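*Asks:* sequence first, then the predicted structure, then my questions.
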Amino acid sequence: MRRALRLGLTGSIGMGKSETAGIFRALGVPVYDADAAVHALYARGGAAVAPVADAFPGAVVDGAVDRARLRQVLRDDPAAWPRLEALVHPLVRQAQARFVAAAESAGAALVVLDIPLLFETGGTAQVDYVVVVSAPPEIQRARVLQRPGMTEDLFAEVLARQLPDAVKRAGADFVIATDRGLDDARSQAAAILARLRSAPPPRQPGRLDLERD
């Protein structure tokens, strides 16, 4: 069975990553959604419910993780973040591995792994190429503050847990600018796919012979 090329997709909050993932999906590429995987793990019957209940009493309500309560626990005790990540990240990686295996079994030559904290969690070691979505700071801020329940303080908290956009762009193989509309972003994504589909097979995971953009 041929190994599928792994294209990591990431970007800071408000940069347009979800819309870009949708573009790749519409272009016919299987897309793994790490956020959706976490939601499934937190839902009733999800594999993360029991571990979270043990580690963070009160964060589970009616058999599911209450994300608002969990956020409050983490806000009160920032040192709790590593404990949560140690519980959840292995489960997310298992879900990702199952997704990739299923895509490869179906004959996919390329998959997109939509992972918000790709750099922060060391996920770049698991992909062959990294695409970062980016927009100017003022556009990012305006997008985020339009979200229901979002505040300046919460926005600042989220940014504090993410690497700066400039650092992500510096570590990317490709950057998709999302401040020029969906059609422009779609053209950028299509150009990336065309280039990767013409690439020679990697000698080993994470070792492709293409120059960075």
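*Replies:* Noted; the coordinates are in hand.
*Asks:* where along this structure do the helices fall?
*Replies:* Counting by DSSP state H, the chain has these helices, from start to end: 17-26, 34-42, 49-55, 67-76, 80-105, 137-145, 152-160, 165-170, 182-197.
*Asks:* mind giving me the packing neighbours of the second one?
*Replies:* Applying 3 or more Cβ pairs under 8 Å, 6 or more residues apart in numbering; DSSP states H and E, one finds that helix 34-42 contacts helix 49-55, helix 80-105, strand 110-114. (C-beta placed from N, C-alpha, C; glycine too.)
*Asks:* pick the most deeply packed of those.
*Replies:* When neighbours are counted by mean count of other Cβ atoms under 10 Å, the highest per-stretch mean among the helices and strands packed on helix 34-42 falls to strand 110-114, a mean of 23.
*Asks:* adjacent strands (with direction) for that one?
*Replies:* Strand 110-114 has the following sheet partners, assigned by DSSP bridges: strand 5-10 (parallel), strand 31-33 (parallel).
*Asks:* I'd like to know which of those strands is closest to T124.
*Replies:* Taking Cβ to Cβ as the measure, the strands paired with strand 110-114 were each checked against T124, and strand 5-10 came out nearest at 6.4 Å.
*Asks:* residues making contact with stretch 15-32?
*Replies:* Among residues not part of stretch 15-32, those counted as contacts by Cβ atoms under 8 Å, 6 or more residues apart in numbering are 7, 9-11, 33, 95-96, 99-100, 103, 106, 108, 110-116, 131, 133-135, 140, 143, 165, 176, 178, 182, 185-186, 189-190, 193.
*Asks:* so where's this protein uncertain?
*Replies:* When the per-residue scores of the chain are filtered using pLDDT under 70, the ranges that remain are 199-213.
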